[in-house]
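**Student:** sequence first, then the predicted structure, then my questions.
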Amino acid sequence: MALPIKLSGLGKLARNAGSQLSSSVSSIGKNLTKTKLDVPGYLSSKNSDGLIYPLVLRGQPNVNIIEFKAYENSGAGINQHHIWFPCPANIAINDSATYNTIDLGSIGGVAAAAISGVKSGSGVSGIASGIGTQISEARKNFKGGELASGALQALPVGDQIRGASKLSSRVLLNPNTNTTFSGNSLRSFTFAFKMIAHSADEAEMIRKIHSKFRSFVYADSRSNAQNLLLAFPPTWTIRFLDGNLHENKFIPKIFSCYLVSIESSFNSTTNMFHRDGAPLEVDVSMSYQETRTLTRTDIDGLEAGSLGIDRGINTETGAPAVGSSGQAVVDSANE
């Protein structure tokens, strides 16, 4: 026999369950904000320090985010500006080195072989002796005509004579082409976000975020009417934070950067505006470049956390680290 169900009773149960769930979520948020985290007050909905999109992201635990932090030197001190987004898709990290080729030529090849065979501390005389030995050994492996042709090709004669020598002897000087390391490349990063305003408050937040990024591409004249001196634009740190708001160890860390450019588009898929004129959509694409080329020591230090959350930036001047600090900086948030 089916029992009668009172709809009013179900509504009361639903309200009670919803109230308990809200209370639990609020309790989790309060406990997390008391925890020593990388982003102070990030979870607090009352925290007005820092810009965040979307607005519902504030107060939500266990969300992977990306943090952009600018170190602005106002002339009177350093102002730190935080901007938070949900962690984007397709995070691209490009580590690369630059290599060139060098032709040592016949003499260079012999010299290189001699140098590699000379014991350390032998000096110039030891190297010269080694070159002589290498040339003497090489002469034993050639016929007279071949050796004469090689010598002729090495002389400062015309290209036609060199060409004739090659054709007649069917031999040519080995260019001894080698690959040589030229250095590591500056790393660049691009991040793109689509921001859709679901409310007037969110439209205002999007405006502030967009204005902040655009402003910090430019140098500051420090109210100097003649613009004789320009202060560098702010230095940035970019960090990927996991659901516990600690740096995500699975994503390579980024050194201090400059914001090189920002590309903006408005209402890319619609022509709708809010009543106050705010566009429904704002798309931004930011390009960052690290402040200097890195070494293996820098990369290892980044991953080990020895450069701290400021990535070596001087928090009193906003200037980036020029060389390897060589001094471990404890990341207090991860102690």
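**Tutor:** Cool, got the structure.
**Student:** touching, Ser182 and Thr101? I think so.
**Tutor:** No. Using Cβ atoms under 8 Å, Ser182 and Thr101 do not qualify as a contacting pair, with a distance of 10.3 Å. Bear in mind the C-beta positions are built from the backbone N, C-alpha and C, glycine included.
**Student:** distance between the ends of stretch 211-230?
**Tutor:** Stretch 211-230 has an end-to-end distance of 20 Å (criterion: Cα to Cα, to the nearest Å).
**Student:** do the same with stretch 247-255
**Tutor:** One end of stretch 247-255 sits 13 Å from the other (Cα to Cα).
**Student:** ok, now stretch 268-280?
**Tutor:** End-to-end distance for stretch 268-280: 9 Å, by Cα to Cα.
**Student:** that one - what's its average pLDDT?
**Tutor:** Throughout stretch 268-280, pLDDT has a mean value of 93.
**Student:** one more: stretch 312-320?
**Tutor:** Averaged across stretch 312-320, pLDDT comes to 91.
**Student:** contacts for that stretch, please.
**Tutor:** Defining contact as Cβ atoms under 8 Å, 6 or more residues apart in numbering, one finds that stretch 312-320 is touched by 71-73, 78, 232, 234-235, 237, 255-256, 291-292, 311, 321, 325, 329.
**Student:** could you redo the last one with a cut-off of 6 Å?
**Tutor:** Tyr71, Asn73, Ile78, Thr235, Ser256, Thr291, Ala321, Ser325 (Cβ atoms under 6 Å, 6 or more residues apart in numbering).
**Student:** buried subset of those?
**Tutor:** With burial judged by 16 or more other Cβ atoms under 10 Å, the buried subset of the contacts of stretch 312-320 is Tyr71, Asn73, Ile78, Thr235, Ser256, Thr291, Ala321.
**Student:** in strands, which of these appear?
**Tutor:** Taking DSSP state E, the ones among the buried ones among the contacts of stretch 312-320 that sit in strands are Tyr71, Asn73, Ile78, Thr235.
**Student:** right, and the first one touches Thr235 too?
**Tutor:** Pointing back at Tyr71 there. Yes. Contact criterion Cβ atoms under 6 Å: Tyr71 and Thr235 qualify, at 4.8 Å.
**Student:** which intervals of the protein have sub-threshold pLDDT?
**Tutor:** In the predicted model of the chain, residues 1-49, 106-171, 173, 223-225, 324-335 satisfy pLDDT under 70.
**Student:** can you pull out the strands in it?
**Tutor:** Going by DSSP E, the chain shows strands at 51-52, 65-73, 78-86, 97-103, 177-184, 188-196, 235-241, 257-266, 281-290.
**Student:** strands paired with the first one, and their directions?
**Tutor:** Each strand that strand 51-52 pairs with, and the sense of that pairing, follows from DSSP bridges: strand 78-86 (parallel).
**Student:** if we can go back for a sec, closest one of the ones in strands among the buried ones among the contacts of stretch 312-320 to Ile93?
**Tutor:** Nearest to Ile93 among those, counting by Cβ to Cβ, is Thr235 at 19.6 Å.
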